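Undergrad: with the input below, show me the fold.
(4 chains)
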2 protein chains.
Amino acid sequence: MPRAFAAGDEELVEAEHLIRDQMSGLDLDLQALAAVSNIFRAATAVRNHMERDVLAVHALSWTAFVVLFVLRVWGEQSSRDLAAEAGVTGGTLTGVLDTLERKGLTERSVHPDDGRKVTVRLTDEGVDAVDGVMPAFNVEEAKVTGGLTTTETNNLASLLRTVLRTTSELNQR
Amino acid sequence: MPRAFAAGDEELVEAEHLIRDQMSGLDLDLQALAAVSNIFRAATAVRNHMERDVLAVHALSWTAFVVLFVLRVWGEQSSRDLAAEAGVTGGTLTGVLDTLERKGLTERSVHPDDGRKVTVRLTDEGVDAVDGVMPAFNVEEAKVTGGLTTTETNNLASLLRTVLRTTSELNQR
DNA sequence: ACACTACTGTTTGGGTCCAAACGTCCGGTT
DNA sequence: AACCGGACGTTTGGACCCAAACAGTAGTGT
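TA: Coordinates of the predicted model:
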């Protein structure tokens, strides 16, 4: 039984207290530590849940789904923009697109005006794949946030936007 | 320039509106969608930042650091518990421990009372590695949460604990 | 003793994932 | 026309990651 992933708030907070006790010599910002590590604990738990209960049924990896979703919402675009939007490097995207293309969900074509660029687009099967998975995916999203009120859910999204914005500015330097 | 990772709240919210417009036929819970996808956007951005600006200096991967950190705080433990705590499968941990052992940061030994179990512990070099990286890591944690007040940071950690607890309960079934 | 079941860590195969090296292409300069 | 710096996608090498198959150990029952 994974200790930090189990049980209620008390045990999770207890884990943070243990960190404080073990690392007391290092003078750490424990609020920041708790917030950041909870972002990752939550992301890992939710991602595992989604991969096992939703994506595995459709034989899609997490990244493959994100790429398809971005293409579905933002439309066809260059490989470079797509990689940035999906949060992976260009080299990674090449491999993911190889897989998706083999499944017939996406297609690539050289940009007519710029021979360096590659335009990526969803096939009809790709559109069907996203629209087929998305409702089930969203049901699970609603479940994992089911312990929060609507106000809290919006508040969480807003706080994370602030973290995201701050981090983006740091990464740009 | 990654569109969704750039700029301020307006543009991030705008991305959520685009999703609403493009997926209007699917009747989605958009609050849940925004909260969950922001968890991943934030996690990805923060992780990339940490890997590039902190971990790369010490030639540590993200997972390797998490494993070392868990061992540092919780002490020596079985491979099974360590995997659960670090959020990876047992098979993954075997490979990570191979790498860490090659670097001399951890060591494995068969449990004296149960020949199936393997006890993993930090070497002295491993302790030094964690204590050497942790302060720099925490400084960056403070930076990425720097856009939030102390109250907001604690609130974020608390909301994420609720998501984590809810998801854990889902995963146990 | 013997089977039977459950548990633990490892191996395997396929798929990400990144940084860095590479080849190609564009636009402007000489 | 040949060059050159920059941008783009791909390839490469090593590490990570999971599910599933595997081998060894433990405990139970017969």
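Undergrad: C-alpha from now on. contacts and neighbour counts both.
TA: Will do.
Undergrad: strands along chain A, start to end?
TA: Applying DSSP state E to chain A gives strands spanning A:77-78, A:106-110, A:118-122.
Undergrad: now mean pLDDT, distance to DNA strand D and mean neighbour count too, for those, in a markdown table please.
TA: Shown next, in a markdown table, are the strands of chain A (pLDDT from 0 to 100; distance: least, CA to the nearest atom of the strand, whole Å; neighbours: other CA atoms under 10 Å in any protein chain shown):
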| stretch | mean pLDDT | distance to DNA strand D | mean neighbour count |
| --- | --- | --- | --- |
| strand A:77-78 | 94 | 4 | 16 |
| strand A:106-110 | 91 | 7 | 17 |
| strand A:118-122 | 93 | 4 | 20 |
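Undergrad: would TSV of these with distance to residue B:23 be doable?
TA: Listed next are the strands of chain A as TSV, based on distance: least, CA to CA, whole Å:
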stretch	distance to residue B:23
strand A:77-78	18
strand A:106-110	19
strand A:118-122	15
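Undergrad: return the residues of chain A in contact with DNA strand C.
TA: When proximity is defined by CA under 7 Å from any atom of the strand, chain A lies next to DNA strand C at A:60-64, A:87-92, A:95-96, A:99-100, A:113-116.
Undergrad: please pick the buried ones from those residues.
TA: Among these, the ones that count as buried by 16 or more other CA atoms under 10 Å in any protein chain shown are A:60, A:64, A:87-88, A:96, A:100.
Undergrad: now go through the residues of chain A next to DNA strand C and say which are in helices.
TA: Mapping these onto helices (DSSP state H) picks out A:62-64, A:90-92, A:95-96, A:99-100.
Undergrad: residues near residue A:124, how many?
TA: 11 (other CA atoms under 10 Å in any protein chain shown).
Undergrad: excluding chain neighbours, what is closest to it?
TA: Nearest-residue entry for residue A:124: residue A:105, 7.5 Å, with adjacent residues in sequence omitted and distances by CA to CA, 6 or more residues apart in numbering or on different chains.
Undergrad: contacting residues for that neighbour?
TA: A:122-127, A:129 (CA atoms under 8 Å, 6 or more residues apart in numbering or on different chains).
Undergrad: again, 7 Å this time
TA: Counting by CA atoms under 7 Å, 6 or more residues apart in numbering or on different chains, residue A:105 makes contact with A:122-123, A:125-126.
Undergrad: so where's chain A uncertain?
TA: Applying pLDDT under 70 to chain A picks out residues A:1-12, A:172-173.
Undergrad: what ranges does it have for its helices?
TA: For chain A, applying DSSP H gives helices covering A:9-22, A:30-50, A:62-74, A:79-86, A:90-102, A:124-144, A:150-172.
Undergrad: residues in contact with the fifth one?
TA: This points to helix A:90-102. For helix A:90-102, the external contacting residues (CA under 7 Å, 6+ apart) are A:64, A:80, A:83, A:106-107.
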